[in-house]
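*Asks:* Structure of the sequence below:
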Amino acid sequence: VQLVESGGGSALAGGSLKLACAASEYYRTHCMGWFLQAPGKEREGVAVRDIGGGRTYYADSVKGRFTISRDRNTVCLQMNSLKPEDTAVYYCAAKFGGSTIPLKSEDFGYWGQGTQVTVS
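*Replies:* Numbering: from 1, shown residues only. This next block holds a predicted model:
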């Protein structure tokens, strides 16, 4: 399964950005979502959404500001009210099987190349 990301870039604090990710296959991506990795820190889950209207999960740090949406093999992350601490490389991730909480990067077998988000 290949994941191709688009979006990201730079924004001012309080602004918005949108990320999108398209998977090459649908039937092995039951759970799709986003992780971020800031410099010197571990990769952490941001938001995921299961296939067919299943579980949707948000990290506490983004609740009320970020919205994840999914349409078959495409997942998007609308990021509003951005903060400087949102600055990181954002990775699209997918896994066979539904999401499990807490999110662990090692549970996800498919990854995008990563896209930089910088908030100043």
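*Asks:* number of nearby residues for Thr118?
*Replies:* Counted by other CB atoms under 10 Å, the residues lying close to Thr118 total 15. Backbone N, C-alpha and C define where each C-beta goes, glycine included.
*Asks:* Isn't it up against Ala13?
*Replies:* No. With contact defined as CB atoms under 8 Å, Thr118 does not reach Ala13; the gap is 11.0 Å.
*Asks:* how close does the residue nearest to Gly15 when sequence neighbours are not counted get to Tyr57?
*Replies:* Distance criterion CB to CB, 6 or more residues apart in numbering; nearest residue to Gly15, sequence neighbours excluded, is Leu82 at 5.3 Å. Distance, Leu82 to Tyr57, by CB to CB, to the nearest Å: 20 Å.
*Asks:* swap in Glu85?
*Replies:* Glu85 is 20 Å from Tyr57, by CB to CB.
*Asks:* same question, Leu19
*Replies:* Note on Leu19: its distance to Tyr57, by CB to CB, is 16 Å.
*Asks:* These two: who's more crowded?
*Replies:* Ranked by neighbour count (other CB under 10 Å), Leu19 and Tyr57 place Leu19 first, with 24 against 19.
*Asks:* Okay, now the sheet partners of the host helix or strand of that one, with direction.
*Replies:* Using DSSP states H and E, Leu19 sits within strand 17-23. Its sheet considered, strand 17-23 pairs with strand 3-7 (antiparallel), strand 74-79 (antiparallel) by DSSP bridges.
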